[in-house]
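K.L.:
predicted coordinates and the sequence they were generated for:
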Amino acid sequence: RKEVEQDPGPFNVPEGATVAFNCTYSNSASQSFFWYRQDCRKEPKLLMSVYSSGNEDGRFTAQLNRASQYISLLIRDSKLSDSATYLCVVNKDSSYKLIFGSGTRLLVRP
Amino acid sequence: DTGVSQDPRHKITKRGQNVTFRCDPISEHNRLYWYRQTLGQGPEFLTYFQNEAQLEKSRLLSDRFSAERPKGSFSTLEIQRTEQGDSAMYLCASSLGRGDEQYFGPGTRLTVT
């Protein structure tokens, strides 16, 4: 079983739609949680960290449920430019090496 | 551009050849990480350095792989006797300290024929 699991998608949504991605992680000792965005053939870039109380950054809202070992990302009012792969990421120890899910692909159509 | 840089961006090599990649982290970042990414997968951790010390290596890093960071600045990743299964994107990331955001370079795409 992978340490971080995501639905690979693709999610194909119209502009303006709300879309939600989910992720589960297997190691209860995981300490920090993130969503990264990766455009085709580009490097991953940090989208947002995920905090236990939930956090929001503009159209993006992230939630963490430690008891269920579950992380979510909600994107409201989708834009064409949101089309990318969204990677769920955790780290679990003092090395701070990142453990990535396989990613969920989002396609936003006009 | 003061971001993480990697060289070369693309490398095509024949099976059995040795290759070396270079990563220049953001200046003053003391942590440097190497990851490998294959098509349809997220990046997988290979190894990391704190300054010049290599502190952890993944079991993915077979004996054919070696990484160095001789002066705590740039790093090299060498693959000896390349195999077709080594074909992947090799990503380097750096951070100022532990727990700080990791910034990724553009990657080196390796194709072994």
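P.N.:
Noted; the coordinates are in hand.
K.L.:
who's in contact with B:T38?
P.N.:
Applying Cβ atoms under 8 Å, 6 or more residues apart in numbering or on different chains, one finds that B:T38 lies in contact with B:S87, B:A88, B:M89. Quick note: C-beta positions are derived from backbone N, CA and C, even for glycine.
K.L.:
right, and B:G3 touches B:S94 too?
P.N.:
No. If you go by Cβ atoms under 8 Å, B:G3 and B:S94 don't touch, sitting 9.3 Å apart.
K.L.:
pick out whichever of those two has more residues nearby.
P.N.:
Using other Cβ atoms under 10 Å in any protein chain shown, the more surrounded residue of B:G3 and B:S94 is B:S94, with 26 against 13.
K.L.:
B:H29 is in contact with the more buried one, correct?
P.N.:
Yes. Look at B:S94 against B:H29 with Cβ under 8 Å: they come within range, at 3.8 Å.
K.L.:
and for the two, which residues touch both?
P.N.:
Common neighbours of B:S94 and B:H29 (Cβ under 8 Å, 6+ apart) are B:Y103.
K.L.:
how about A:S49: what's its closest non-neighbour residue?
P.N.:
A:F34 (5.4 Å; Cβ to Cβ, 6 or more residues apart in numbering or on different chains).
K.L.:
so that neighbour bridges to which residues?
P.N.:
Note on A:F34: beta-bridge partners by DSSP bridges are A:S49, A:V89.
K.L.:
hang on, the earlier thing: okay if I get the contacts of B:T38 as CSV plus distance to chain A and neighbour count?
P.N.:
Supplementary listing: those in CSV, determined by distance: Cβ to the nearest Cβ, whole Å; neighbours: other Cβ atoms under 10 Å in any protein chain shown:
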residue, distance to chain A, neighbour count
B:S87, 15, 17
B:A88, 13, 20
B:M89, 8, 20
